[in-house]
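Asker: Would you be able to build a 3D model of this:
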Amino acid sequence: MRFSDQVAVVTGGIGGLGLSVVRRLAGEGATVMIFDVEGATAEQVAYQCRQSGSTVEAVAVDVTEEASVAK
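Answerer: Numbering: from 1, shown residues only. Sure thing, here's the model as predicted:
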């Protein structure tokens, strides 16, 4: 697996291009952190990925807000 032992952070990872990136990186062995303002939806995506054996976690964060990122 190309990204084994690597961690990837994907912002906006619940739809479109972001979701494709999450799935690809997870499929290649990366541990993926989804950062998205839609925390509940991000958790659903992470859960679906984990069902196929990938290591994916979700964090509710608005990357446009410094306080949200710091938290």
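
Asker: Go ahead and confirm C49 touches A30.
Answerer: No - contact criterion CB atoms under 8 Å: C49 and A30 do not qualify, at 10.8 Å. From N, CA and C alone the C-beta is placed, and that goes for glycine too.

Asker: any idea which residue sits dead centre in the chain?
Answerer: What sits nearest the mean C-alpha location of the chain, by CA atoms, centre = their mean, is I34, with 2.2 Å.

Asker: Without its sequence neighbours, what residue ends up closest to it?
Answerer: Closest residue in space to I34, ignoring its immediate chain neighbours: G13 at 3.9 Å, by CB to CB, 6 or more residues apart in numbering.

Asker: Make sure that neighbour is indeed in a helix.
Answerer: No - checked against DSSP: H, G, I helix; E, B strand; the rest coil, G13 lies outside a helix; its state is coil.

Asker: didn't it look like it was pressed against V45?
Answerer: Yes - the pair G13 and V45 passes the contact test of CB under 8 Å, sitting 6.8 Å apart.

Asker: joint contacts of those two?
Answerer: Any residue near both G13 and V45 by CB atoms under 8 Å, 6 or more residues apart in numbering counts here, and that gives L19, V22, I34.

Asker: hmm, back to that, may I ask which helix or strand encompasses the residue nearest to the centre of the chain?
Answerer: If you go by DSSP states H and E, I34 is part of strand 31-36.

Asker: Note down every partner strand of that strand and its orientation.
Answerer: Here strand 31-36 has these sheet partners by DSSP bridges: strand 7-11 (parallel), strand 55-60 (parallel).
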